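Engineer: here you go, sequence then predicted model.
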Amino acid sequence: MAKKLLIVDDSPTELKLIMDVFNSPNYAVVTASDGEEGVEKAKAEHPDLIILDVVMPKMNGFQACRTIKSMPDLEKIPVILLTSKNQKSDEFWGKKQGADVYLTKPFNTEELLKAVTDHLG
């Protein structure tokens, strides 16, 4: 059965680049274009894994991750923060919000695929 991924990014270009990585029968991709929509889609869709951008309107990825990880029915969903914020302090903060993996853009396709497969078991 296909694993459901929720990809949240406000950039249509980035969204397409990330979606292309998971363009296979193994994945069913759901998207959102900001943190608020991401949280709503997470509640509605119960994805197997979430890939979150950090710099987004309405609610940033750190806030969305913290919100998702604070919900009992969503807290076990692995979250990968995929962002252009590449400082060690950003990564530390991201992990503090509950992110399972912190990757930076421009992303390495193999690295992203490995992070996803590692967390889907």
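Structural biologist: Cool, the structure landed.
Engineer: mind listing the strands for this structure?
Structural biologist: Along the chain, the stretches classed as strands by DSSP state E are 3-8, 27-32, 49-52, 79-83, 101-104.
Engineer: now do the contacts for the residue nearest to Pro57 when sequence neighbours are not counted.
Structural biologist: Nearest residue to Pro57, sequence neighbours excluded (Cβ to Cβ, 6 or more residues apart in numbering): Asp34, at 5.0 Å. C-beta here means a position set from N, CA and C on the backbone, and glycine is covered the same way. When contacts are counted by Cβ atoms under 8 Å, 6 or more residues apart in numbering, Asp34 touches 8, 10, 56-59.
Engineer: hang on, the earlier thing: of the strands of the chain, which stretch is the most buried?
Structural biologist: strand 49-52 (a mean of 28; mean count of other Cβ atoms under 10 Å).
Engineer: against Phe62, how distant is the residue positioned nearest the centre of the chain?
Structural biologist: Most central in the chain under Cα atoms, centre = their mean is Ile51, positioned 1.4 Å from the mean C-alpha point. Distance of Ile51 to Phe62, given as Cβ to Cβ, to the nearest Å: 14 Å.
Engineer: same check on Lys95?
Structural biologist: Distance from Lys95 to Phe62, counting by Cβ to Cβ: 10 Å.
Engineer: and for Glu91?
Structural biologist: In this structure, Glu91 lies at 11 Å from Phe62, with Cβ to Cβ as the measure.
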